[in-house]
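Asker: Predicted model and sequence follow; I will ask about them next.
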Amino acid sequence: RFSVLPALPIAVLALRSVRLQIHFGFTDSLTEPAISRSRLATVSPFTSMEPQAAEGSAEGEPAFLLPGQPAFTVDQYGTFRADLRLAQPFHVELPLSVTFPFHALVSSFGEDGGAQVDIKRFHGVPEDATTWMTAVGSARDEKVATSQGIFVETLKGRKLVTCEEYARMAQSVRADVFVTMADQARDGASAKRISRALERTCTWLEKQVALWREDPRGALYVGVPGCCFQRGAVSSKLLDAIASNRQSISGFVLLGGSLPKEPILRRDAMGAILQATRMAMTTDQPTNGMRVRAAVTGLRTPLDMLNAVELGASLVSWPLPESFAVAGKALVFDNSFEADRRQSGGKRKRTETVYELLDLSDPRYERDDRPILASCACEACQRHTRAYIHHLLRAKEMLATQLLRIHNFHHAYKFCEALQKAKGAGAVEAFGERVRASCDETAYEPAAAPSAEKRAKISATT
């Protein structure tokens with residue numbers, strides 16, 4: 001009788017394994033995503049558009065792309081989608097920190113074994129998600145990129161990824177969107193550094209378009225660094241390179257990490273780059289017949305997302321919800337589009353919150369039994385209190401970051417949903433006025449990012 005007891009945990013795990021294998025590859029539209037053998041799923045805060053919808057209307061735009069750093073459990077994908085009532089598929093960025101280890105693993109299996117491995121199932125990403133493969137140089141660390149390619153952090157140090165290697169990675173990753181490699185230079189960098197970054201971007205663009213034509217996999221998008229806007233004009237060399245290859249290009253991604261820091265200059269630069277790049281791509285109608293789509297990534301504040309949409313971006317990405325979650329901060333937004341309507345008498349409806357941040361590590365939340373936001377439908381707000389998350393932060397529990405990650409990205413999605421409603425009703429300007437009146441941009445300075453070694457460890461774990 002007692003000899004059976006030690007075997008019970010093993011039996012339970014075996015039954016769970018059978019359940020996972022039964023559900024592997026099958027999805028429910030609202031409740032359960034595809035289950036993979038990986039416990040953690042790497043998600044991207046990138047906002048992106050679906051390539052398959054490029055010929056259709058602008059329904060579902062602007063969309064939100066999750067960045068490549070956050071990791072959700074497999075089950076959380078389902079609850080996340082259900083809480084959001086998300087009808088559109090997820091958009092997931094696959095940066096080099098994710099695709100390089102996967103490519104190395106697939107290569108070790110050989111051609112026959114590697115063909116059976118799918119990156120979506122490997123990382124637990126839903127089967128209907130649109131994946132975006134990216135390789136971007138760091139605006140802060142000049143040593144990340146060279147004329148040969150871009151370095152990626154691994155547990156064994158930095159590894160160089162060349163254009164040819166990046167094209168081979170695309171064969172094993174099989175992403176829906178392939179974004180060309182691009183280098184960036186931080187705001188205020190020297191003219192020599194900016195010129196070098198643009199020179200590398202143009203060279204890589206020519207090489208990768210040629211490689212993509214030999215073996216086209218997914219839609220081809222161009223990575224456009226924000227530093228290409230200097231002295232009131234966009235780099236003519238980069239625009240010429242895009243125009244000469246426009247027949248193969250379906251859209252472009254504006255890398256906002258190298259845009260100016262000053263809000264007005266950032267908006268002006270964003271508008272100039274979006275307009276000039278579209279003109280370079282539409283001198284002739286692309287042969288693929290797809291409408292040129294623009295994605296903007298690396299944005300700093302909610303106002304940046306609003307500006308990008310007003311300037312015509314179909315896809316927006318905001319990486320700060322992840323860094324805020326790591327720093328113990330929760331977004332508190334009033335994302336209700338209906339709040340723009342006025343009551344009888346001309347008075348504005350009173351809303352519960354404005355656009356602000358809560359630092360839940362602050363001692364004042366030690367006995368606060370309220371949820372982060374009472375009107376929020378995310379799992380963190382429905383099941384937990386501010387005091388509990390404060391306790392987890394003080395105890396340095398990983399669960400605190402995960403709960404804040406769920407809440408913050410829920411808010412980012414809801415902000416895009418409110419923008420969709422406002423755009424559909426032709427009221428983006430009215431919605432923008434309310435956001436600008438209640439949003440303090442100085443509160444959204446980027447929190448300290450994890451070190452390169454910590455990012456490599458997180459990537460290896462997930």
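Answerer: Here it is on my side, so go on.
Asker: and after the lowest-mean-pLDDT helix or strand in the chain, which helix or strand comes next?
Answerer: Ranked by mean pLDDT, DSSP states H and E, the weakest helix or strand in the chain is strand 40-42, scoring a mean of 33. Following strand 40-42 in sequence order, the next helix or strand is strand 63-64 (DSSP states H and E).
Asker: Distance from that following strand to the middle of the chain?
Answerer: Between the centre of strand 63-64 and the centre of its chain there are 9 Å (C-alpha atoms, centre = their mean, to the nearest Å).
Asker: Now do the same contact list for the nearest residue to H390 once chain neighbours are set aside.
Answerer: Using C-beta to C-beta, 6 or more residues apart in numbering and skipping the chain neighbours, the partner closest in space to H390 is Y365 (4.3 Å). Where you see a C-beta, it was placed from the backbone N, CA and C, and this is true even at glycine. The neighbourhood of Y365, defined by C-beta atoms under 8 Å, 6 or more residues apart in numbering, consists of 358, 386-387, 389-390.
Asker: Buried ones from those, can you make that a PyMOL selection?
Answerer: To isolate the buried ones among these in PyMOL, judged by 16 or more other C-beta atoms under 10 Å, type:
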select buried, resi 358+386+389+390
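Asker: helices or strands up against the helix or strand containing Y166?
Answerer: Following DSSP H and E, one finds Y166 within helix 163-173. In terms of contacts (3 or more C-beta pairs under 8 Å, 6 or more residues apart in numbering; DSSP states H and E), helix 163-173 is packed against helix 96-114, strand 130-133, strand 149-154, helix 191-214.
Asker: Just the angle for the first one relative to helix 163-173, thanks.
Answerer: If I follow you right, that is helix 96-114. 60 degrees (axes from the mean of the first three to the mean of the last three C-alpha atoms, to 10 degrees).
Asker: got the buried residues for the helix holding Y166?
Answerer: 163, 165-170, 172-173.
Asker: Contacts for the helix or strand that comes right after that helix next, please.
Answerer: Next in sequence after helix 163-173, counting helices and strands by DSSP H and E, comes strand 177-179. With contacts defined as C-beta under 8 Å, 6+ apart, strand 177-179 is touched by 48, 51, 130-135, 170, 212, 217-223, 253.
Asker: about what we covered before: tell me how far the residue nearest to H390 lies from L393.
Answerer: Going from Y365 to L393 by C-beta to C-beta, to the nearest Å gives 9 Å.
Asker: any shared contact partners between those two?
Answerer: By C-beta under 8 Å, 6+ apart, no residue touches both Y365 and L393.
Asker: ok, the buried residues of helix 163-173 vs V98, which is closest?
Answerer: V173 (8.8 Å; C-beta to C-beta).
Asker: wait, isn't that closest one in contact with A104?
Answerer: No. Judged on C-beta atoms under 8 Å, V173 makes no contact with A104 at a distance of 11.7 Å.
Asker: State the next helix or strand along the chain beyond the longest helix belonging to the chain.
Answerer: Taking DSSP state H as the criterion, the chain has its longest helix at helix 398-424. Counting by DSSP H and E, the next helix or strand C-terminal to helix 398-424 is helix 428-438.
Asker: average pLDDT across that next one?
Answerer: For helix 428-438, mean pLDDT rounds to 83.
Asker: Now do the buried residues in that helix.
Answerer: For helix 428-438, by 16+ other C-beta under 10 Å, it's 428, 431-432, 434-435.
Asker: got it, and stretch 120-134?
Answerer: Buried residues in stretch 120-134 (16+ other C-beta under 10 Å): 120-126, 129-134.
Asker: Would you mind writing the CA trace of that stretch as PDB?
Answerer: C-alpha atoms of stretch 120-134 as PDB (Å, rounded to 0.1, in the frame of the first residue of the first chain):
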ATOM      1  CA  LYS A 120       5.700  28.700 -32.800                       C
ATOM      2  CA  ARG A 121       5.200  25.400 -31.200                       C
ATOM      3  CA  PHE A 122       8.700  25.400 -29.700                       C
ATOM      4  CA  HIS A 123       8.000  28.700 -27.900                       C
ATOM      5  CA  GLY A 124       4.300  28.100 -27.200                       C
ATOM      6  CA  VAL A 125       3.200  30.900 -29.500                       C
ATOM      7  CA  PRO A 126      -0.400  30.400 -30.900                       C
ATOM      8  CA  GLU A 127      -0.500  28.900 -34.300                       C
ATOM      9  CA  ASP A 128      -2.500  31.800 -35.800                       C
ATOM     10  CA  ALA A 129       0.000  34.400 -34.600                       C
ATOM     11  CA  THR A 130       1.900  36.600 -37.100                       C
ATOM     12  CA  THR A 131       5.600  36.400 -36.400                       C
ATOM     13  CA  TRP A 132       8.100  39.100 -37.300                       C
ATOM     14  CA  MET A 133      11.800  38.200 -37.600                       C
ATOM     15  CA  THR A 134      14.000  41.200 -36.800                       C
END
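Asker: what about it, distance to the chain center?
Answerer: 12 Å.
Asker: What's the mean pLDDT across it?
Answerer: 84.
Asker: where does the stretch 151-300 of the chain dip in pLDDT?
Answerer: Counting by pLDDT under 70, the stretch 151-300 of the chain contains low-confidence ranges at 283-291.
Asker: D440 is in contact with L303, isn't it?
Answerer: No. D440 lies out of contact with L303 (C-beta under 8 Å); the separation is 9.8 Å.
Asker: if you count what's nearby, which of the two comes out ahead?
Answerer: L303 (20 against 12; other C-beta atoms under 10 Å).
Asker: quick one: the more buried one and E310, what's the gap?
Answerer: Counting by C-beta to C-beta, the gap from L303 to E310 is 10 Å.
Asker: and what of E153?
Answerer: E153 is 36 Å from E310, by C-beta to C-beta.
Asker: The two: who's more crowded?
Answerer: E153 (21 against 17).
Asker: What about the residue nearest to L96 when sequence neighbours are not counted, how many residues nearby?
Answerer: The shortest distance from L96 to any non-neighbouring residue, by C-beta to C-beta, 6+ apart, is to V152 (4.2 Å). Residue crowding around V152 was assessed by other C-beta under 10 Å; the count is 21.
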